[in-house]
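**Q** Give me a model of this one.
(one chain, ligands or ions: 1)
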Amino acid sequence: MEELDPNNEIRGRELFPVYALGTKCARRGCSIYQQITSVNPQMSISEERNVKGPIKALEMLALNDDLNTVVQSSSFCTRRNAMSRAAGLAAGLALATVNAPAFAAETKKVKMGSDSGQLVFLPDEIKICKGDSVTWVNNKGGPHNVVFDEEAIPSGVNQEKISMDTQLAEEGETFTMKFDVAGEYGYYCEPHRGAGMGATLVVE
Ligand code: CU1
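**A** Numbering: from 1, shown residues only. Below you'll find the predicted structure:
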């Protein structure tokens, strides 16, 4: 599970220089041969492990495609998923493994109640990608629950199915839900709605 971190995207970019050798082709375009040789460091690793051959070559092409996507896409989720696949391929994972829908999925954490006991969701706005999950953790000032606002969720989404009516009383108790429909979701804590304990979830 990943701690929610507003610098997430920046950290993702810091990973990138490891694979930066392949980026000239991404901008100018070059032959398949140049594209393969431009990611030569990974090829060397493959040779040491004696896993040459057509399957590995396909994975090298997929890796390069993913790197191009990381450079060119304006969508955070598209870039994140491509980065995750590329990292998997560079680590020697099979194409089928990194192409599985859940490969890049993440779980983000939202605290219910701040460490000092304020009646808030922390953070009160998060962005995830389709297929990601959110885990709400009862932190302080409970009982809390997670109730989605019927008026503020994408149409077709079942409000009851994604909400947790049960109030969590024990600190450390959690509620996890996976989100597959893109859009903006508003939710609140029933016992503390009057105190303004509400938040937003964006699914890209
Ligand atoms: Cu609450």
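
**Q** could you pull out the strands for the chain?
**A** For the chain, the strands defined by DSSP state E cover 107-112, 121-122, 125-128, 133-138, 144-148, 164-168, 174-178, 183-188, 198-203.

**Q** Skip the chain neighbours and tell me the closest residue to Ser73.
**A** The spatial neighbour of Ser73 that comes closest, neighbours along the chain excluded (Cβ to Cβ, 6 or more residues apart in numbering), is Arg79 at 4.9 Å. In this view, the C-beta of every residue, glycine as well, is placed from N, C-alpha and C.

**Q** Reformat the strands of the chain as JSON lines; add distance to the ion, mean pLDDT and mean neighbour count.
**A** Output for the strands of the chain, formatted as JSON lines (distance: least, Cβ to the ion, whole Å; pLDDT from 0 to 100; neighbours: other Cβ atoms under 10 Å):
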{"stretch": "strand 107-112", "distance to the ion": "6", "mean pLDDT": "98", "mean neighbour count": "20"}
{"stretch": "strand 121-122", "distance to the ion": "8", "mean pLDDT": "98", "mean neighbour count": "22"}
{"stretch": "strand 125-128", "distance to the ion": "17", "mean pLDDT": "96", "mean neighbour count": "18"}
{"stretch": "strand 133-138", "distance to the ion": "9", "mean pLDDT": "98", "mean neighbour count": "19"}
{"stretch": "strand 144-148", "distance to the ion": "3", "mean pLDDT": "98", "mean neighbour count": "22"}
{"stretch": "strand 164-168", "distance to the ion": "8", "mean pLDDT": "96", "mean neighbour count": "15"}
{"stretch": "strand 174-178", "distance to the ion": "12", "mean pLDDT": "97", "mean neighbour count": "15"}
{"stretch": "strand 183-188", "distance to the ion": "8", "mean pLDDT": "98", "mean neighbour count": "18"}
{"stretch": "strand 198-203", "distance to the ion": "10", "mean pLDDT": "98", "mean neighbour count": "19"}
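
**Q** how close does the most centrally placed residue in the chain get to Leu61?
**A** Note on the chain: the residue nearest the mean C-alpha position is Glu106, at 4.3 Å, using Cα atoms, centre = their mean. According to Cβ to Cβ, to the nearest Å, Glu106 stands 26 Å off from Leu61.

**Q** In this structure Val70 contacts Ala86, no?
**A** Yes - between Val70 and Ala86 there is a contact under Cβ atoms under 8 Å: 6.7 Å.

**Q** Have a look at the chain and report its longest helix.
**A** As assigned by DSSP state H, the longest helix anywhere in the chain is helix 54-72.

**Q** how about the residues of this structure that lie near the ion?
**A** The interface of the chain toward the ion, taken as Cβ under 5 Å from the ion, is made up of 144, 189, 192, 197.

**Q** Report the contact partners of the third one.
**A** For His192, the set of contacting residues under the criterion of Cβ atoms under 8 Å, 6 or more residues apart in numbering consists of 119, 141, 144.
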